[in-house]
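Colleague: would you be able to build a 3D model of this:
(one chain, ligands or ions: 1)
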Amino acid sequence: MVQDDSRHPAGGVDYPRTLQEFDEWFPSEEACAEYLRRLRWPEGFRCPGCGKGKAWLTARGQLFCASCRRQTSVTAGTVFEGTRKPLRLWFQAMWYVTSQKFGGSALGLKRVLGLGSYQTAWTWLHKMRRAMVRSGRERLAGNVEVDETYVGGEEEGVRGRQTLKKAIVAIAVEIHFPKGFGRIRVRQIPDVTAASLTPFVCEAVEPGATVHTDGWKGYNDLPKHGYHRVATVLSTSGDPAHVAMPAVHRVASLLKRWLLGTHQGAVTNRHLDYYLDEFTFRFNRRTSRACGLLFYRLMQQAVQVDPVPYKQLVGGKERADHKM
Ligand SMILES: [Zn+2]
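Modeller: Residues are numbered from 1 along each chain as shown. Here you go, the predicted structure:
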């Protein structure tokens, strides 16, 4: 089902605005299941068996069709599928993660919710991160800066090993004139060759856009793919403090600070993509003033994605598997 993102969701109507409202909205499993039902079937539930709309919702999130008595699970096909924990706990976790400016760590989530194990908290956070990126989202357009940066790894100054452990992250940022940024796309790439950079740009940026890069030859193929490339070549004798791609530079330093601060730098390259997804989700919604709106967006996307077994989460994303 395609959710209509263009309708502007209203605080107090579509989502709770404060912690107090959150508690009032979701006092029980029934209330949580009902909220999920509304999000999954905004036009009203239709039985997949007979197409009729009259059904009863149980506390366990089952919809019983009044006509054919078929059962449809509210959580099937969502991040909540097969969970043995109360939905209410999930809702609290999602509120916790979205109501904090910098998100939460697994340790923090375990502590706040009183979860029994660190592994549960870790798994939940990763399931949420998966829901933070929508497939088929619009690509960046207009003027876009693209550059790479290095993230993570051991302490500075350990040459040789350092480049082995650091992950290469490609960053694309929409830039507005005279100033300001729009949306971003961030992804780990295996190397800085054209074979890695060109697909990144194609996935992140709408053809026809003006792509600002440095003089690196890895971007030479972009015009072949419909991009207008503007290369800024810094003179070798130039001011070392001058940055060729100021928007990317700014986003990269925010990203590094976030990884070091919220997550204490404890992110392995194998799982880095999930964190990049969360960072992107937060950054692209940074102007959302309403506290509950981020919660709403995450919920909306959580009921649309396929469930991911723990094993697959631990394995990391395939595209990152050849790294460390
Ligand atoms: Zn039916």
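Colleague: where are the low-confidence patches of the protein?
Modeller: 1-7, 134-136, 153-164, 234-242, 264-266, 289-290, 305-324 (pLDDT under 70).
Colleague: determine the three-state secondary structure at R130.
Modeller: Classification of R130 by DSSP: H, G, I helix; E, B strand; the rest coil places it in helix.
Colleague: counting neighbours, what do you get for it?
Modeller: 21 (other C-beta atoms under 10 Å). (Glycine included, C-beta is placed from N, CA and C.)
Colleague: equivalent analysis for F295, please.
Modeller: Residues within reach of F295, counting by other C-beta under 10 Å, total 21.
Colleague: ditto for M132
Modeller: Neighbours of M132 (other C-beta under 10 Å): 24.
Colleague: show me what contacts it?
Modeller: For M132, the contacting residues are D277, E278, T280, F281, L298, Q301, by C-beta atoms under 8 Å, 6 or more residues apart in numbering.
Colleague: skip the chain neighbours and tell me the closest residue to it.
Modeller: F281 (3.7 Å; C-beta to C-beta, 6 or more residues apart in numbering).
Colleague: repeat for D191
Modeller: If the residues on either side of it in the chain are set aside, D191 comes closest to I168, at 6.7 Å by C-beta to C-beta, 6+ apart.
Colleague: wait, the one you found touches L197, no?
Modeller: No - with contacts counted by C-beta atoms under 8 Å, I168 stays clear of L197, the gap being 10.0 Å.
Colleague: now the common contact residues for those two.
Modeller: Counting by C-beta under 8 Å, 6+ apart, the common neighbours of I168 and L197 are E148, I189.
Colleague: got phi/psi on V211?
Modeller: For V211, the backbone dihedrals (degrees, to the nearest 10) come out as phi -110, psi 120.
Colleague: actually T78, sorry about that
Modeller: Phi and psi for T78, reported as degrees, to the nearest 10, are phi -120, psi 180.
Colleague: how many residues are close by the residue lying closest to it once chain neighbours are set aside?
Modeller: Excluding the flanking residues, the one nearest T78 by C-beta to C-beta, 6+ apart is V303, at 4.6 Å. Number of residues near V303 (other C-beta under 10 Å) recorded here: 22.
Colleague: got the contact list for V303?
Modeller: Counted by C-beta under 8 Å, 6+ apart, V303 has contacts L36, L39, R40, T78, V79, F80.
Colleague: now the residue in the stretch 101-250 of the chain that the ion sits nearest to: how far from V74?
Modeller: Of all residues in the stretch 101-250 of the chain, A131 sits closest to the ion, at 28.2 Å by C-beta to the ion. Going from A131 to V74 by C-beta to C-beta, to the nearest Å gives 16 Å.
Colleague: the more surrounded of the two?
Modeller: Neighbour totals were compared for A131 and V74, and V74 leads with 27 against 23 (other C-beta under 10 Å).
Colleague: ok, the more buried one to Q119 distance?
Modeller: Taken as C-beta to C-beta, the span from V74 to Q119 is 26 Å.
Colleague: do the same with A252
Modeller: Counting by C-beta to C-beta, the separation of A252 from Q119 is 31 Å.
Colleague: just K256 next, same as before
Modeller: Computed as C-beta to C-beta, the K256 to Q119 distance reads 27 Å.
Colleague: settle it for me: which of these two has more neighbours?
Modeller: Neighbours were counted for K256 and for Q119 using other C-beta under 10 Å; K256 has more, 16 against 13.
Colleague: which single residue of the stretch 151-300 of the chain approaches the ion most closely?
Modeller: Nearest to the ion, among the residues of the stretch 151-300 of the chain, is Q300, at 25.3 Å (C-beta to the ion).
Colleague: isn't A55 right next to F45, touching?
Modeller: Yes - counting by C-beta under 8 Å, A55 does reach F45; the two are 5.5 Å apart.
Colleague: ok, back up a step: between I168 and L197, point out the one with more neighbours.
Modeller: Per other C-beta under 10 Å, whichever of I168 and L197 has more neighbours is L197, with 24 against 18.
Colleague: what's the burial count for R229?
Modeller: Around R229 there are 18 other residues, counting by other C-beta under 10 Å.
Colleague: so it touches G218, yeah?
Modeller: No - applying C-beta under 8 Å, one finds R229 not in contact with G218, separated by 11.4 Å.
Colleague: quickly list what's touching both of those two.
Modeller: The contact sets of R229 and G218 do not overlap (C-beta under 8 Å, 6+ apart).
Colleague: could you pull up the residues touching T72?
Modeller: T72 is in contact with F45, C47, P48, A55, Q62, L63, C65, counting by C-beta under 8 Å, 6+ apart.
Colleague: determine which two of those are furthest apart.
Modeller: The widest separation within the contacts of T72, taken as C-beta to C-beta, falls between P48 and Q62 and amounts to 13.3 Å.
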